[in-house]
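[1] output the structure for:
(chains A and B)
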Amino acid sequence: MDFSHYNDAERAHILKLLEQKQMRDFMKFYSNLVDRCFNDCINDFTSKTLTTKEETCIQRCTEKFLKHNERVGQRFAEYNQSVAAQQQA
Amino acid sequence: MSFLPFGGGGSSQQTINQQNVAMVEQEYEAVTETFYRIVDSCFKKCIPPKYIEGELNKGESVCIDRCFNKYIEVTTKIGEALAKKGQEAGARAGGFGV
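    Residues are numbered from 1 along each chain as shown, chains lettered A, B, ... in the order given. Presented below is the predicted three-dimensional model:
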């Protein structure tokens, strides 16, 4: 996203909008992650508190998903860079 | 179309082009949506829900890289196929429109 041809008012407005969207998307990310790890890890309802096994699973699930998200982000950034480089050529 | 910013307090008389804003908004939404879909799809395909550890093992890492590349390739190929269909439909319609 290239901001060079926008005036200051537009830039400020756009940045504020994007900030709101990012906040919204973070909330979506959070609830999506909770959903995912809950569905994958929690299947034992003989107790109302998490078992040690379940707690460990949740921690690993969270870590794994975050690392996965990070890796995809890296590949995505590389891809966007290569596309931008091609467009300039 | 230009709109004066609300409550400008006399500080800035720059107009905000709503089309510019809309374009950036749409780009953000499209990029974010694509990214989220890739994360979701490749997680389902590459990471078994066993969670033996929190780190990505080598196999999973390689799978993610390849999954990403293939997803992009599929997106491109389908885009090309749709464009081609659109062109063909346009050409046929032009012929009938005589």
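[2] shaky segments in chain B?
    B:1-12, B:94-98 (pLDDT under 70).
[3] was I right to think B:E60 contacts B:Y51?
    No - using C-beta atoms under 8 Å, B:E60 is not in contact with B:Y51; the gap is 11.4 Å. Where C-beta positions appear, they are placed from N, C-alpha and C, glycine not excepted.
[4] can you name the residues of chain A that neighbour chain B?
    A:1, A:6-10, A:13-14, A:17-18, A:21, A:25, A:36, A:40-41, A:57, A:59-65, A:67-69, A:71-73, A:75-76, A:79 (C-beta under 8 Å from any C-beta of the partner chain).
[5] in PyMOL, how would I select just the buried ones from the residues you listed?
    In PyMOL, a selection of the buried entries from the residues of chain A next to chain B looks like this (16 or more other C-beta atoms under 10 Å in any protein chain shown):
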select buried, chain A and resi 6+9+10+13+14+25+36+40+41+57+60+61+62+64+65+67+68+69+71+72+75+76
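[6] for chain A, give me its nearest residue in chain B.
    B:G54 (3.1 Å; C-beta to the nearest C-beta).
[7] okay, now that residue: neighbour count?
    15 (other C-beta atoms under 10 Å in any protein chain shown).
[8] so where does the nearest residue to it once chain neighbours are set aside fall, helix or strand?
    Nearest residue to B:G54 in three dimensions, chain neighbours excluded: A:E63, at 3.1 Å (C-beta to C-beta, 6 or more residues apart in numbering or on different chains). Using DSSP states H and E, A:E63 sits within helix A:52-88.
[9] which strands and helices lie in contact with that helix?
    helix A:8-41, helix B:18-46, helix B:58-96 (3 or more C-beta pairs under 8 Å, 6 or more residues apart in numbering or on different chains; DSSP states H and E).
[10] what pLDDT, on average, does it get?
    In this model, helix A:52-88 carries a mean pLDDT of 96.
[11] quick check: angle from that helix to helix B:58-96?
    If you take axes from the mean of the first three to the mean of the last three C-alpha atoms, to 10 degrees, helix A:52-88 sits at 50 degrees to helix B:58-96.
[12] who are the contact partners of the residue nearest to A:F76 when sequence neighbours are not counted?
    Ranked by C-beta to C-beta, 6+ apart and with sequence neighbours excluded, the top spatial neighbour of A:F76 is B:F35, at 5.8 Å. Counting by C-beta atoms under 8 Å, 6 or more residues apart in numbering or on different chains, B:F35 touches A:V72, A:G73, A:F76.
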